[in-house]
Structures are given as structure tokens and as C-alpha cells.
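Visitor: Return a 3D structure for these sequence lines:
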Amino acid sequence: MATLADVARHAGVAASTVSYVLSGKRSVSEQTRERVHRAIEILNYHPHAGARALASSRSNVLALIVPLRSDMYVPVMMEIAIGVVTKARGYGYDVLLLTNDEGAEGIKRVASSARADAVILTDVGLEDDRIATILQIGVDAALIGVPADPVGLDCVDLDFEAAGRLCVDHLAQLGHRTVAFIGEADGVYRRHTGFAERTLRGITEGAAVWGVDLVHRPCEGSYEAAAGTLARVLEERPQTTALIVQNEVVIPPLMSLLRTTRRAVPEDVSIVALCPDHIADQTAPRLTSVQIPAAELGTRAVEILMRRMANGGPSEVQLIPPSLTVRGSSAAARTGGGNSRHPAP
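Guide: This next block holds a predicted model:
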């Protein structure tokens, strides 16, 4: 049986545009309307009851779905939530918070009962089963994160692949050729969470271009885990001159552990982190870092939804270009730590 997502894909429009055509509640161009009706006829699509219920009324509420997991950095999620709430209030909308524990069933419940006009989904996986529910129901949605197949979806995220490459570029230009990437907890990778997978891809690609000897070590968010991970890296690869860190929780213990092993930052080991600026500014020395624009992600997600609910139109994927701020934690590789050759073409 054809779904609303099938109709959207066949017509080359977003799922919510199909909903607008079915409900007649918003203006859609005649050309787009004809494409949708043609796809409905070809696929023999019958509208889902939840989509009809959602189109029939307005609640002026956005549903925000956030993870409550022990391996996620909650302050970043709260910054995203603050960005969503602040921007939504500017449009006269309230925000309903749902946890990931409710999953697809929570989305169905909120949409079919018309409790929320639209959904903002965070912690997006490359293959995320919640997306199928959103497309089937036809509810307006914005994703903070980009799945493997974003066709027909509205998404916003930091360009994590570019961020990963930026970290490697900075270190390689300083002569570092043996680098360890201390990443998120192992469960984040097992879920194929988009931001973590894309960062790893960018770092791996950058290392290949520069000829950097790279190792990736996932790390749980505890002092003991940080100690074990760092000890393993330095025991197996004593020539390591730089660390890239993407787990905010382990940054303080890593800095402490390096001091206790008498490795000075940046004289012996350079560090580049992907983290909010306030974390980078709280360490000694202050961290060279790629900022995570959490509040901006929340703000942009709301703006995308407001455009979607007002005008329909094609879906959009916004990737925020990363920027790296050089602070005191990175410097030229120590003698014998590498060479300064340029990347291969």
C-alpha cells in the first residue's frame, strides 16, 4: 500500500506539501498540485487518518523530541531546546517536550490527536525508524541532524564532516602525523547517530589526504573511561602528538590525566575539540575548538517549520559551515612528530 512518503517522492515534493494539497488549508502552486494529484492517482494512495486529523485544526504547539540517554551530553540538548522555545515563542507557539523513549508511538499520538502542529526531531540516526512514521503521517517536521537519505525532509545541522576535516587540517598543518580521535561513547556509534558518524567520516577522509596515522577510540563519559582510553592510546602509540576530542564530558579528565602523566599541552600533545565555546574557554590552556552551534540549530529548525507551514514548497537541508577557533591547546608538533608536507592532490 502506498504511503504519503511514496506520493511525495514520486511528485518530487516534501511530505507536508502533499498534506497541504489534500487538506486545501494552504496555498500550493497549481503545477505542484497537479504533480501531487497525478502521483496520488498513479500510486492509488488513500490519505492516512492521522494526517486528516492534523490538518483539521491548529494547536499553536510544536513537539520537540529530545533524547534522554546516559551517553548524550545533556547541556547541548538543553541549548537546542532553549533555541527552539525562544524562537517558537516569537511566533506565538508553545513547545511540547517528548522523550526518545516514546519513539514512533509518541509521534503518532501527538500528530493523530492534533496536540502539536509540527515536530522537531533531534538525535537523528542515519537510519532512523521515526522518520518513516513522520513521512507516513504527513506531519510537518524539521530534523536537527541529517539521515542517510534526506529526500523529502527538512533538516538542519552543523556540517560535521567538514568539521572533522577542519580539525585534521589544522593539526596536519602544524606538522602532526600521529593523531588519536577520542570520540563519543560506543553506544552512539552503534545507533549510527548522524553527527558522530559524519564527524568520523570527515576526520578519516582528512587523515587520508594528509597522510596522518589516525586511530579512533570511542570513550564513555567517566573519569575511569577517559583514563583507560588515554592509557591505551599512549601505550600503543607513544609517538602520538595530538588528540581530537568529540565527547565534552571527557575533556576535563583528559586534561587532568595528561598533566598527571607529565605531558604538557600543547608542548607535548596538542588538543582540538568539537564542543561549545564555554567548555573550550574553561580549560587551561583554553582549547582550540570547532564550536557546536546548539542554540542556532534550534532556532533554524523553528524557522524552517514556520516557512513550511506557511508556504509549503520543496524540502531543504541546511548545513551550517564549521569554524575553528585557535586557542592555546594546539601548537607545532614536537621534534620528530611529523613533517610539513602538503596534502596529496
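Visitor: Can you classify Ile271 as helix, strand or coil?
Guide: What DSSP: H, G, I helix; E, B strand; the rest coil gives for Ile271 is strand.
Visitor: Please read off the pLDDT at the nearest residue to it once chain neighbours are set aside from the model.
Guide: Distances taken as CB to CB, 6 or more residues apart in numbering put Ser329 closest to Ile271, at 4.4 Å, once the chain neighbours are dropped. (C-beta placed from N, C-alpha, C; glycine too.) pLDDT for Ser329: 98.
Visitor: From the structure, what's the count of residues near Arg33?
Guide: By the criterion of other CB atoms under 10 Å, Arg33 has 18 neighbours.
Visitor: For it, which residues are in contact?
Guide: Shown in contact with Arg33 (CB atoms under 8 Å, 6 or more residues apart in numbering): Val21.
Visitor: With the one 3 residues further on instead?
Guide: Contacts here follow CB under 8 Å, 6+ apart; on that basis Val36 touches Val7, Ala11, Val13, Thr17, Val18, Val21, Val28.
Visitor: who's in contact with the third one?
Guide: Spelled out, it's Val13. Contact partners of Val13, counting by CB under 8 Å, 6+ apart, are Thr32, Arg35, Val36, Gly152, Gly312, Gly313, Pro314, Ser315.
Visitor: all strands for the stretch 101-250 of the chain, in order.
Guide: For the stretch 101-250 of the chain, the strands defined by DSSP state E, counting those that start in this stretch cover 118-121, 140-144, 154-158, 178-183, 213-218, 242-245.
Visitor: Can you spell out the domain ranges of this structure, please?
Guide: Following automatic domain parsing, one gets these domains for the chain: 4-158+295-321, 160-291.
Visitor: Buried subset of the contacts of Val36, written for ChimeraX?
Guide: The buried residues among these can be selected in ChimeraX (16 or more other CB atoms under 10 Å) with this line:
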select :7,11,13,17,18,21,28
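Visitor: what's the farthest-apart pair in the contacts of Val36?
Guide: Largest separation among these by CB to CB: Val7 and Val28, giving 13.4 Å.
Visitor: that older thread, next, format the strands of the stretch 101-250 of the chain as TSV and append distance to Arg263, mean pLDDT and mean neighbour count.
Guide: Output for the strands of the stretch 101-250 of the chain, formatted as TSV (distance: least, CB to CB, whole Å; pLDDT from 0 to 100; neighbours: other CB atoms under 10 Å):
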stretch	distance to Arg263	mean pLDDT	mean neighbour count
strand 118-121	41	93	26
strand 140-144	36	94	28
strand 154-158	30	97	24
strand 178-183	12	98	24
strand 213-218	16	98	17
strand 242-245	10	98	26
